[in-house]
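> make a model of this:
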Amino acid sequence: MIFEEIIQQLRSMADAKNVEGMARFGISSVGTLGVSMPKIRSVAKSLKKELSEDIRHTMSVELWDSGIHEARILSSLIDVPALLDKTEAERRINEIDSWDVCDQFCSALLEKTEYAYEYAFELTERKEEFPKRVGFVLIAIISVHDKKADDSVLEAFFPIILRELDDDRNFVRKAVNWSLRQIGKRNAALNKKALALAEDILKTESSKTAKWIARDAIRDMTSNITIEKFARAERKKFK
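Below is the predicted model of the structure:
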C-alpha cells in the first residue's frame, strides 16, 4: 500500500508548467509529472525516516519500475547503496532515458556503492549514450566526494577523458567536460595537470567537440571562484 500512497503523493504535486520548462532543458515530457526537486527531496527525507533499509530498497525497485520520471529520481534518493547489487544497477543503467535521472542515480546512489570506481572505468567504454554518461558522471562526482582519493587515482581518469573527446553526443560530451572540470578543481596540483591536458588538446588537430570540451574546462578551471578556492586552501595550511 505504501507504493500507491507515494505515487499518489507525487501525482498530487504534478505541475504541467514545470513539465514544459523541463522539456526546454532536454528532459522528456513522457511520464513526467513536473514535481520540483525540493519536493522530491522532502518526500525522500520523510521516507528515509519512516522506513527500514530493506523496505526502502524494495520500494526503490517498485518506484523505478513505475516508469514515472520523478519516481525514478525518488527511487535513487531512498535506496540503500549496500543493497544495490550490480545486476539491479545494470538494469537501471540500461533503462535511463534522461540526464537528470542519470545524475541523481549517480550522485545519490551509485557513487556510494563499493563498485563505483569499477563502473567509472567500465561504463565509459560503452557505446550507448546514457550508460556512457553514467560513467563520466561517476568520475565527476567521485572527484568531488571521495576526499580520501589520492591525486594519482583521479589522474588515472585522464586517459579515459582523452579517449572519448570526440563523442559529440550532447549528454556524453557534457559529461566528459564535467569530469575534466571536476578533477581540475579538486586541488591546485590537479588543476595544473588538467589545464595542461586541456591546453594540449587545443594545440592538436582535435575535433570541434574536443576543442569545446577543452575551452570550457579551461574557463571553469581558471575562474575567480576556482582560484579563490585554492587560495583559501593555501591559507589554511598556515593557520
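> from here on, just use CA atoms for contacts and neighbour counts.
Will do.
> which residue is the nearest non-sequential neighbour of Ile93?
Computed as C-alpha to C-alpha, 6 or more residues apart in numbering, the closest residue to Ile93 that is not its neighbour in sequence is Pro131, at 5.8 Å.
> name the helix or strand for the one you found, please.
If you go by DSSP states H and E, Pro131 is part of helix 129-145.
> sorry, back to before: show me the contacts for the residue nearest to Ile93.
Residues near Pro131 by C-alpha atoms under 8 Å, 6 or more residues apart in numbering: Ile93, Asn94, Ile96, Leu123, Thr124.
> re earlier: right, and the helix or strand after the helix holding Pro131?
Sequence order places helix 151-155 as the next helix or strand after helix 129-145, per DSSP H and E.
> contacts only, for Thr226.
Lys185, Asp220.
> got it, and Asn94?
Contacts of Asn94 (C-alpha under 8 Å, 6+ apart): Phe130, Pro131.
> break the chain into its domains for me.
Domains of the chain are assigned by automatic domain parsing as 1-101, 115-239.
> which one of those domains lies closest to Ser107?
Closest approach to Ser107 among those is made by domain 115-239 (6.5 Å; C-alpha to C-alpha).
> what backbone torsions are found at Leu74?
According to degrees, to the nearest 10, the main-chain angles of Leu74 amount to phi -60, psi -40.
> give me the nearest residue to the spatially most central residue of the chain, chain neighbours excluded.
With distances taken as C-alpha atoms, centre = their mean, the residue of the chain nearest its centroid is Asp103 (3.3 Å). Using C-alpha to C-alpha, 6+ apart and skipping residues adjacent in sequence, the residue nearest Asp103 is Val137, 6.7 Å away.
> separation between that neighbour and Glu199?
As judged by C-alpha to C-alpha, to the nearest Å, Val137 and Glu199 stand 22 Å apart.
> between these two, who's got more neighbours?
Legend: neighbour count by other C-alpha atoms under 10 Å for Val137 and Glu199, higher for Val137 (29 against 16).
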